[in-house]
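Asker: Take a look and give me a structure for this.
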Amino acid sequence: MQQTLEDFYKVIRAAGINVSPSDTIETSRTVALVGYTDRNILKNAFQVSLAKSETEQDLVAECFECLSGQSGKIGDRARSGG
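Answerer: Purely as a prediction, here's the structure:
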């Protein structure tokens, strides 16, 4: 699960969004609360905890869709330990 989150943070940073260590801690805690079951809730959690503007929310959503489309759903990868 942690590696999946780290991969997502790398994708977000590559898209130009500044993600601080405190952002990753907050997001990891948020994901632990909402879980991986509902993909839309997970995506919204990423948007709320990582984006600081509407433009960044759109970028986070786009990155989420790209990453989840590469190797199955992000939640599936996290649950399987990938």
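Asker: Show me where the chain has its helices.
Answerer: When secondary structure is read from DSSP state H, the chain shows helices at 2-14, 21-34, 39-50, 54-70, 74-79.
Asker: Go through the ones you listed and find the least confident stretch.
Answerer: Sorting the helices of the chain by mean pLDDT places helix 74-79 lowest, at a mean of 48.
Asker: Tell me who's in contact with residue 5.
Answerer: Counting by CB atoms under 8 Å, 6 or more residues apart in numbering, residue 5 touches 24, 27-28, 31, 78. (C-beta placed from N, C-alpha, C; glycine too.)
Asker: how does it look with 6 Å?
Answerer: residue 28 (CB atoms under 6 Å, 6 or more residues apart in numbering).
Asker: all numbers from here: first residue = 33
Answerer: I'll keep to 33 as the first residue from here, and by that count the last item is residue 37.
Asker: ok, now which ones touch residue 51?
Answerer: Residues in contact with residue 51 (CB under 6 Å, 6+ apart) are 41, 44-45.
Asker: let's see 10 Å
Answerer: With contact taken as CB atoms under 10 Å, 6 or more residues apart in numbering, residue 51 is in contact with 40-42, 44-45, 59, 81-83, 92.
Asker: which of these count as buried?
Answerer: For these, a burial check counting by 16 or more other CB atoms under 10 Å picks out 40-41, 44, 59, 81-83, 92.
Asker: now these in JSON lines, with distance to residue 100?
Answerer: Converted to JSON lines, these look like this (distance: CB to CB, whole Å):
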{"residue": "40", "distance to residue 100": "9"}
{"residue": "41", "distance to residue 100": "15"}
{"residue": "44", "distance to residue 100": "13"}
{"residue": "59", "distance to residue 100": "16"}
{"residue": "81", "distance to residue 100": "17"}
{"residue": "82", "distance to residue 100": "15"}
{"residue": "83", "distance to residue 100": "17"}
{"residue": "92", "distance to residue 100": "12"}
